[in-house]
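Q: here's my sequence, what's the structure:
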Amino acid sequence: MTKDTSNTRRVMLAVTEASSLQVLWRTAMEHMSGERAELITVFVRDDRWRRAASLPFTEEVSRASGGSMNFTPERAEEVDRDVVMRTQGRLQQLATDSQIQSAFEILAEHEAMRLHEFVRSESDLLIAPSYFKRRPFYSELARLKCRILLIDAKNMITDPEDY
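A: I've put the predicted structure just below:
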């Protein structure tokens, strides 16, 4: 990241496992072009995984075989780690291809208040999928002291190439 932050605007990209990284990345690049800006991607973990995994009757169905097995907290953690690693790797590749330095942070939904830590000025920008409006943490996003750009959900179809 840039050491002199006095004239540097911060662009924050909020993503989940269901986000189309290409669409969000392209939007971030459009808003960073021609400016001194730094990029921080915040992966927002879906708390519902852990809640579902804690229920005794929750099962995971295999896409390949159609068989099912118990969906445990350990399995939820494994799936979550895999999704975060693939997302971070894809974003790192996009940053390398774009010759952009970026940071990657992970927050659980219940930690949404920590997003305030990333905002430095009202000129900062948070780019997020519009389906965030339906998530419980949206009320915390709406209180951020920066510009917020929600990308329409119809453009947010997850592409296998995002991973």
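Q: only C-alpha atoms for contact and neighbour calcs from this point on.
A: Will do.
Q: so what does the biggest helix by length in the chain touch, helix or strand wise?
A: Residue-count comparison of every helix in the chain, with assignments taken from DSSP state H, identifies helix 73-98 as the longest. Under the contact criterion of 3 or more Cα pairs under 8 Å, 6 or more residues apart in numbering; DSSP states H and E, helix 73-98 touches helix 48-53, strand 102-108.
Q: correct me, but S102 touches A95?
A: Yes: contact between S102 and A95 holds when scored by Cα atoms under 8 Å: they sit 6.8 Å apart.
Q: before we move on, the earlier item: a markdown table for the helices and strands packed on helix 73-98, including distance to I40, mean neighbour count and mean pLDDT?
A: A markdown table is the format used below for the helices and strands packed on helix 73-98 (distance: least, Cα to Cα, whole Å; neighbours: other Cα atoms under 10 Å; pLDDT from 0 to 100):
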| stretch | distance to I40 | mean neighbour count | mean pLDDT |
| --- | --- | --- | --- |
| helix 48-53 | 24 | 16 | 81 |
| strand 102-108 | 5 | 15 | 93 |
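Q: related to what we said a few turns ago, could you give the angle of the longest helix of the chain to strand 102-108?
A: With axes from the mean of the first three to the mean of the last three Cα atoms, to 10 degrees defining the directions, helix 73-98 sits at 160 degrees from strand 102-108.
Q: and S65, helix, strand or coil?
A: coil (DSSP: H, G, I helix; E, B strand; the rest coil).
Q: use 433 as the first number for this chain going forward.
A: All set: I'll call the first residue 433, so the last point we hit is now S497.
Q: what's it sitting at in phi/psi?
A: Note on S497: backbone dihedrals following degrees, to the nearest 10 are phi -100, psi -20.
Q: pretty sure S553 is touching K577, no?
A: Yes: judged on Cα under 8 Å, S553 makes contact with K577 at a distance of 7.1 Å.
Q: distance from the helix or strand bottoming out on mean pLDDT in the chain to the middle of the chain?
A: Each helix and strand of the chain was given a mean pLDDT (mean pLDDT, DSSP states H and E); the minimum falls on helix 480-485 at a mean of 81. Taking the mean of its C-alpha atoms, helix 480-485 sits 18 Å from the chain's own mean (Cα atoms, centre = their mean, to the nearest Å).
Q: who does it touch, helix- and strand-wise?
A: Helix 480-485 packs on helix 505-530, going by 3+ Cα pairs under 8 Å, 6+ apart.
Q: may I see the buried residues of the helix it packs on?
A: Applying a neighbour-count criterion of 16 or more other Cα atoms under 10 Å, one finds 505, 508, 512, 515-516, 519-520, 522-524, 526-527 buried in helix 505-530.
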